[in-house]
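# Sharing a model prediction with you, sequence too.
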Amino acid sequence: MAEEFVPRDNCVFGRKVFFINASFIIEQLAKGKLRDMEYETYIIEDFRQAKNILRKNPDSICLVNLDHVGTDSLTVIQYLNFILSCEEDETLSSIFFGVLSVNTSPRQMNLFFYNLKLPCGYIPASPDREDFAETLTCILDVNGAKGRRQYVRATCEVSGNAFIDMTIKIGNFKLPLVDFSSVGLACKIPEKLCGVIPANTNLPKVDLWLYGVKLPAPLVVLKEFKKGDINVLVTLFSKNIAIEVRKKVRSYVFRILEGYIDIQADYSNPDDTEYPLELAKKKDMVVNVDDLSAAEDPSNPGDLEEISS
């Protein structure tokens, strides 16, 4: 049976959220509203790369859309067998799976509840986007998607692509970023700037450069600290920063993070498994579709595929 919904926090960093076989609406929510709400969401475009990516992101959440999207989509039973195979794989057993579908017939839902752990449950894909988004956020919160982290942050490993340009009394400085989010940034500072800019200092005229794009980004200094051999200045964006600038900053955060996920794919080693069209048998269970009473399904008991939207 599916687990009861009790809080499953990943206290500090939260969990990455991956979507497989995302419909247009799901992709819009994942890359729009959910990211605006600071959930770290990704679309796995190539199903054959799902296991490669998930293995490198243990304890993540993975939501599989059961409804047919394209020619590469699996059947409902094949997706069930895919999740079963992950549960039985030690390298994937920490993934928090859930499924999405417009089909909420007891017959199909019970098939998943009886055969999978499914910590994120069977999630009705409501045609009302606001209702659907609210349901998704509840599921993500229950399963610790955010943890204590309130804002998604990207690190800047390539120098020169992300920096701030500011002028203060002692001169002009171009300071490379250490990391940044939609609410602020941390940058490296030279020794001669250490102790020069105290906490709560307003820096109203700062240009933030992200991959060749200049953004006006007034800052307020939060603190200064030393990280190994690096002196770091931590700042927040001023309250009067333009909403559009904040949105662009967030988009760059995810541009960087998506790049990290993309390089985790291994196209020389895709998942070529031919997942069965019938339910795979396990020792410790399993309730087959034929064992479920047709009376449980008030709609069409013979149809386990999605209801097309």
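Perfect, I can see it now. Numbering: from 1, shown residues only.

# OK, contacts around residue 16?
40, 41, 42, 57, 60, 61 (Cβ atoms under 8 Å, 6 or more residues apart in numbering). Yep, even glycine has a C-beta here, placed from its N, CA and C like the rest.

# Can you name the two of the residues you listed that sit furthest apart?
Farthest-apart pair in the contacts of residue 16 is 41 and 57; separation 12.4 Å (Cβ to Cβ).

# ok, the two, which is more surrounded?
residue 41 (28 against 18; other Cβ atoms under 10 Å).

# Find the residues that touch each one of residue 41 and residue 57.
Joint contacts of residue 41 and residue 57 (Cβ under 8 Å, 6+ apart) are 16, 18.

# on that earlier part again, among the contacts of residue 16, which lie within strands?
When DSSP state E is applied, these are split such that 41, 42, 61 fall in strands.

# If we go by neighbour counts, what in stretch 26-44 is buried?
26-27, 29-31, 33-35, 38-42, 44 (16 or more other Cβ atoms under 10 Å).

# just those now: which is nearest residue 267?
Set against residue 267, the nearest of the buried residues of stretch 26-44 by Cβ to Cβ is residue 44 (13.3 Å).

# what's that closest one sitting at in phi/psi?
phi -90, psi 100 (degrees, to the nearest 10).

# That one: what's it in contact with?
18, 19, 20, 50, 53.

# For it, give its distance to residue 154.
Distance from residue 44 to residue 154, counting by Cβ to Cβ, to the nearest Å: 19 Å.

# The stretch 51-200 of the chain: helices as residue ranges?
Taking DSSP state H, counting those that start in this stretch as the criterion, the stretch 51-200 of the chain carries its helices at 76-87, 106-115, 129-142.

# And the last one, what does it pack against?
Helix 129-142 sits against helix 24-31, helix 33-36, strand 122-124, with contacts defined as 3 or more Cβ pairs under 8 Å, 6 or more residues apart in numbering; DSSP states H and E.

# what do you get for the first one?
Counting contacts by 3+ Cβ pairs under 8 Å, 6+ apart, helix 76-87 packs against helix 50-55, strand 61-65, strand 96-101, helix 106-115.

# Now that helix - C-alpha only, PDB.
These are the backbone C-alpha positions of helix 76-87, laid out as PDB (Å, rounded to 0.1, in the frame of the first residue of the first chain):
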ATOM      1  CA  VAL A  76       0.500   3.200 -17.900                       C
ATOM      2  CA  ILE A  77       1.600  -0.400 -17.000                       C
ATOM      3  CA  GLN A  78       5.100   0.300 -18.400                       C
ATOM      4  CA  TYR A  79       5.500   3.300 -16.200                       C
ATOM      5  CA  LEU A  80       4.400   1.300 -13.200                       C
ATOM      6  CA  ASN A  81       7.000  -1.300 -14.100                       C
ATOM      7  CA  PHE A  82       9.600   1.400 -14.600                       C
ATOM      8  CA  ILE A  83       9.000   2.700 -11.000                       C
ATOM      9  CA  LEU A  84       9.000  -0.900  -9.700                       C
ATOM     10  CA  SER A  85      12.400  -1.400 -11.200                       C
ATOM     11  CA  CYS A  86      13.700   1.800  -9.500                       C
ATOM     12  CA  GLU A  87      12.400   0.600  -6.100                       C
END
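
# neighbouring contacts of it?
21, 50-51, 54, 64, 66, 74, 92-93, 95, 97, 99, 101, 108, 111-112, 115-118, 273, 275-280, 282, 289, 304-306.

# next one: stretch 231-239
175, 178, 183-191, 193-194, 197, 202-204, 217-226, 245-246, 249.

# and what of stretch 260-277?
Applying Cβ under 8 Å, 6+ apart, the set of residues contacting stretch 260-277 is 42, 46-53, 56-57, 74-75, 77-79, 81-82, 85.

# can we see that at 10 Å?
For stretch 260-277, contacts defined as Cβ atoms under 10 Å, 6 or more residues apart in numbering pick out 16, 18, 42-57, 74-85, 154-155, 157, 254.

# Enumerate the positions of it that are buried.
Buried residues in stretch 260-277, counted by 16+ other Cβ under 10 Å: 261, 265, 275, 276.

# Taking the residues you listed, tell me the two that lie furthest apart.
By the measure Cβ to Cβ, 261 and 276 form the most distant pair in these, at 28.6 Å.

# confidence score at the residue nearest to residue 257 when sequence neighbours are not counted?
Spatial nearest neighbour of residue 257, excluding adjacent residues (Cβ to Cβ, 6 or more residues apart in numbering): residue 154 at 5.5 Å. What the model reports as pLDDT for residue 154 is 94.

# what's the closest of the contacts of residue 16 to residue 162?
Nearest member of the contacts of residue 16 to residue 162, counting by Cβ to Cβ, is residue 40, at 18.8 Å.

# got the phi/psi numbers for that closest one?
phi -90, psi 90.

# need the contact list for it.
Counting by Cβ under 10 Å, 6+ apart, residue 40 has contacts 13-18, 34, 60-61, 140, 145-146, 149, 151-153, 253-254, 257.
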